[in-house]
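S.K.: Quick one: sequence plus predicted model below, questions after.
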Amino acid sequence: MRTVHPLFEALWESYAAVTPSALAIQAHLEERGEVVVNDHVALRTFDRAPMAVGVIAAPFLDLGYVEAGRYAFAQKQLDARAYSHPEGDPWPRVFISELRTGSLPPAQRAIIDGLVDQLAEPLQARHLSAGCPWAPVSWEDYAALLSVSEYAAWVAAFGLRANHFTVAVNALTTFGAPPLVHLNDWIESLGHPLNAAGGKIKGSPQVLLEQSSTLADAAPVAFASGQIVEIPSCYVEFALRHPEPGGGLFDGFVTESADKIFESTDRR
């Protein structure tokens, strides 16, 4: 994936380490003669002061990014903010979501308290691709979090890293119309299953954004008890943006579609 700054290079390397399908898909696209452009990168976090969205966003703001939208996911108890760079391409959009930890039952909130309490300082740029900023979570605590929030369990197990990078379908040249349909068929022919929640294609030209994603790879995680278990890690998204009435491609996100994209990491 083309990267524009060392921060994104570090995010890509951390992400690719647990997402071999991303490297494979990129290689296959390049074999077709494509230049793979990153539409956006996404990160997950908790709504706690040392690592809330505002903290995670700070290194991007330092690079000139500006907030471009806020989104709420009531069922999943998530809030998110999107950021864009005034210069546009090659700077990818950034999408950062956080879990409303206060919505969890007391037992699960206590688990997250124990993780966050290990942070000695607010997180900085170097932490965003460093994985867990806390000691490995126990399998029992992971399972307890998973019972109420897949998102909470994912953050506890994988910490801070890009949850997904996104292929900009608008930049692809070797797929006929409709390009996302043909791209999806090709991705599946390579053996990469797609997230079918809400349909393989989420969104439509009418909402100015169409998206699809692979199902997350499985990566081994070492839990505190010494168990090593493969659990869903990260995935690849594909985004096709349509022109806005006033000109230029749609720059935002669609809540209903993003809600289903989150399910790419659900345990299967």
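M.R.: Perfect, thanks for sending it.
S.K.: Who is residue 239 paired with across the strands?
M.R.: Beta-bridge pairing for residue 239 (DSSP bridges): residue 168, residue 211.
S.K.: so the closest residue to residue 73 other than its chain neighbours is in which element?
M.R.: Distances taken as Cβ to Cβ, 6 or more residues apart in numbering place residue 259 nearest to residue 73, at 5.4 Å, with adjacent residues excluded. From N, CA and C alone the C-beta is placed, and that goes for glycine too. Per DSSP states H and E, residue 259 falls inside helix 255-261.
S.K.: what sits up against that helix?
M.R.: By Cβ atoms under 8 Å, 6 or more residues apart in numbering, the list of residues contacting helix 255-261 from outside reads 71-73, 75-76, 80, 95, 195, 197-198, 202-203, 207, 209, 211, 213, 237.
S.K.: ok, 6 Å please
M.R.: Contacting residues not belonging to helix 255-261 are listed as 71, 73, 197-198, 202-203, 211, 213 [Cβ atoms under 6 Å, 6 or more residues apart in numbering].
S.K.: Only whichever of those are buried, select them in PyMOL.
M.R.: Selecting only the buried entries of the contacts of helix 255-261 in PyMOL, with 16 or more other Cβ atoms under 10 Å as the criterion:
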select buried, resi 71+73+197+202+203+211+213
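S.K.: Restricted to strands, list the contacts of helix 255-261.
M.R.: In strands, judged by DSSP state E, the following of those are found: 71, 73, 202-203, 211, 213.
S.K.: can I get the CA coordinates of stretch 101-116 in PDB?
M.R.: In PDB, the C-alpha atoms belonging to stretch 101-116 read as follows (Å, rounded to 0.1, in the frame of the first residue of the first chain):
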ATOM      1  CA  THR A 101     -16.900   1.800  27.900                       C
ATOM      2  CA  GLY A 102     -19.500   3.200  30.300                       C
ATOM      3  CA  SER A 103     -22.100   1.200  28.400                       C
ATOM      4  CA  LEU A 104     -20.500  -2.100  29.400                       C
ATOM      5  CA  PRO A 105     -21.500  -4.200  32.500                       C
ATOM      6  CA  PRO A 106     -19.500  -3.500  35.600                       C
ATOM      7  CA  ALA A 107     -17.400  -6.700  35.300                       C
ATOM      8  CA  GLN A 108     -16.300  -5.800  31.800                       C
ATOM      9  CA  ARG A 109     -15.700  -2.200  32.700                       C
ATOM     10  CA  ALA A 110     -13.400  -3.400  35.500                       C
ATOM     11  CA  ILE A 111     -11.400  -5.400  33.000                       C
ATOM     12  CA  ILE A 112     -10.800  -2.400  30.800                       C
ATOM     13  CA  ASP A 113     -10.000  -0.300  33.900                       C
ATOM     14  CA  GLY A 114      -7.200  -2.800  34.600                       C
ATOM     15  CA  LEU A 115      -5.800  -2.400  31.100                       C
ATOM     16  CA  VAL A 116      -6.000   1.400  30.900                       C
END
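S.K.: Show me what counts as buried in that stretch.
M.R.: Buried residues in stretch 101-116 (16+ other Cβ under 10 Å): 101, 103-104, 108, 111-112, 115-116.
S.K.: Dump these to TSV, plus pLDDT and secondary structure.
M.R.: Shown next, in TSV, are the buried residues of stretch 101-116 (pLDDT from 0 to 100; DSSP: H, G, I helix; E, B strand; the rest coil):
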residue	pLDDT	secondary structure
101	97	helix
103	96	helix
104	97	coil
108	98	helix
111	98	helix
112	97	helix
115	96	helix
116	95	helix
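S.K.: Looking at the residues you listed, spot the one nearest residue 138.
M.R.: Checking those against residue 138 with Cβ to Cβ, the nearest one is residue 111 at 8.9 Å.
S.K.: doesn't residue 142 make contact with the closest one?
M.R.: No: the criterion here is Cβ atoms under 6 Å, and residue 111 misses it with residue 142 at 8.8 Å.
S.K.: just to revisit the earlier point, can you give the distance from the helix holding residue 259 to the centre of its chain?
M.R.: From the chain centre to the centre of helix 255-261 is a distance of 12 Å (Cα atoms, centre = their mean, to the nearest Å).
S.K.: and what of stretch 127-145?
M.R.: That offset, for stretch 127-145, works out to 17 Å (Cα atoms, centre = their mean).
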